[in-house]
Every structure is written in C-alpha cells, then in structure tokens.
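> Just the structure for this:
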Amino acid sequence: MAHDMDALLRTIQALDDRVAVLEAEARQRHDDERPGGGVPPASDAGSPASPDTFWALDGLRARRPEHPSTEDGAVMLSGSVTLPDGTPVEWQQGAGSAGLLEVDWTDRAAAFAALGHPVRVELLRHVLSGTRATADLAAIDSLGTTGQLHHHLRQLLTAGWLRQSGRGTYEVPPSRVVPLLVCLVAVER
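Predicted structure coming up:
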C-alpha cells in the first residue's frame, strides 16, 4: 500500500510540474504578444516573477556599487531595434534617480509637447518606417496640408525628435529612436 501511495504522489508531482511548465509557456506566449514584449506591466508587479523577468533591472542593481550616483536608485532605457529599412539602432541611457528628482523639469516640457499632437506622432512613425522626403510625406493625407506638415516638422526639429538628413529629407536621430519607442511603450494601455 505504501508503494502505491508513493507512486501516486510521484504521479501527482509530475502532473503538477507539467502544469507549471504549461502555465509558464502560456504566460510567455501572452507576454510575447504584448506590444512591449515579454516585460509585464506595472500592474503585474504582485505576480510571481520568473528569474528572467527583471533581467535588465537586475543588471542595473548590480552596477550600483560601481556608480555612486545610483545609490538611491536609478532609471534606464535601452533598446536594440532594426528599422524597416534595415538600419540597426542600439541605445542605452541611464541616470541616478536622486539627480532626476532634484533638477528642474520645465526645460524638458518642449520635447514632450512635440509628441503631444497626433499628426506629429504619426509623422515620426512614417519617418522611422522609411518615408523621409518632404514630398513623400506631403503625399500622406493624414499628415495634413503642406503648410501643416512644415509646421509639424519644425516642431519636431526644434524638440530634437527629427533632424534634416539632406535637403528636404528628415530622419529620427539614432540617439532618439529608442527613447521615442520607450515613450510609446510607457503609455501603453
């Protein structure tokens, strides 16, 4: 009888282990389908996390002793992107949180304001997707008239989200590609 009970317990344990694997695979598939990738949103913070969930955060924590400015915490953004035209872009940037909380934020409002208009955000999407010439952008109805287009281009140029790459052509500077995409991920619903 004890042998049968041991066999039953092993079978139950094996089934429990298999269910755990299937649940983890289902969570991973769900996370991979999320626009931001495999990182759970903040609302999932109370959920049990796998050791790989916060791999970037773990790396940031590991650097704290090397960088005194991160003693009270730090934030970072990073990304590795291949644009539709095949251009690879990699970027990372970080800062100690104490420094960020102590500085005046008003000088950064213009950069956020430039992203606050739907046409400008759509314009950036088109430029990142490879439509860079003014004439080609003007042919896109959703970007408005030529005059409106030039107004939006000036706003994005002034804020640093765009730069001229030639006469009548624009690009998102490589140092702004990942921050722009991070802003989009940050406002996901």
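> who's in contact with stretch 126-135?
83-85, 137, 140, 143, 149-150, 153, 162, 165, 168-172, 177, 180 (C-beta atoms under 8 Å, 6 or more residues apart in numbering). C-beta: built from backbone N, CA, C; applies to glycine.
> sorry, that was for stretch 168-186
With C-beta under 8 Å, 6+ apart as the test, stretch 168-186 has contacts from 35-36, 77-79, 81, 83, 89-93, 115, 124, 127-128, 132-135, 137, 153, 157, 160-165.
> how does it look with 7 Å?
Here stretch 168-186 makes contact (C-beta atoms under 7 Å, 6 or more residues apart in numbering) with 36, 77-79, 81, 89, 91, 115, 124, 127-128, 132-135, 153, 160-165.
> wouldn't Leu162 be in contact with His152 here?
No: assessed by C-beta atoms under 7 Å, Leu162 is found out of contact with His152, at 9.5 Å.
> Tell me how far Pro84 lies from Cys183.
For Pro84, the distance to Cys183 (C-beta to C-beta, to the nearest Å) stands at 19 Å.
> ok, back up a step: inside strands: which ones of the contacts of stretch 168-186?
Among these, the members falling in strands (DSSP state E) are Leu77, Ser78, Gly79, Val81, Val89, Trp91, Arg163, Gln164, Ser165.
> Quick one: buried ones out of those?
Using 16 or more other C-beta atoms under 10 Å as the burial test, the ones in strands among the contacts of stretch 168-186 include Leu77, Gly79, Val89, Trp91 as buried.
> ok, for Gln148, nearest residue in space, not its chain neighbours?
Spatial nearest neighbour of Gln148, chain neighbours left out: Val119 (7.1 Å); criterion: C-beta to C-beta, 6 or more residues apart in numbering.
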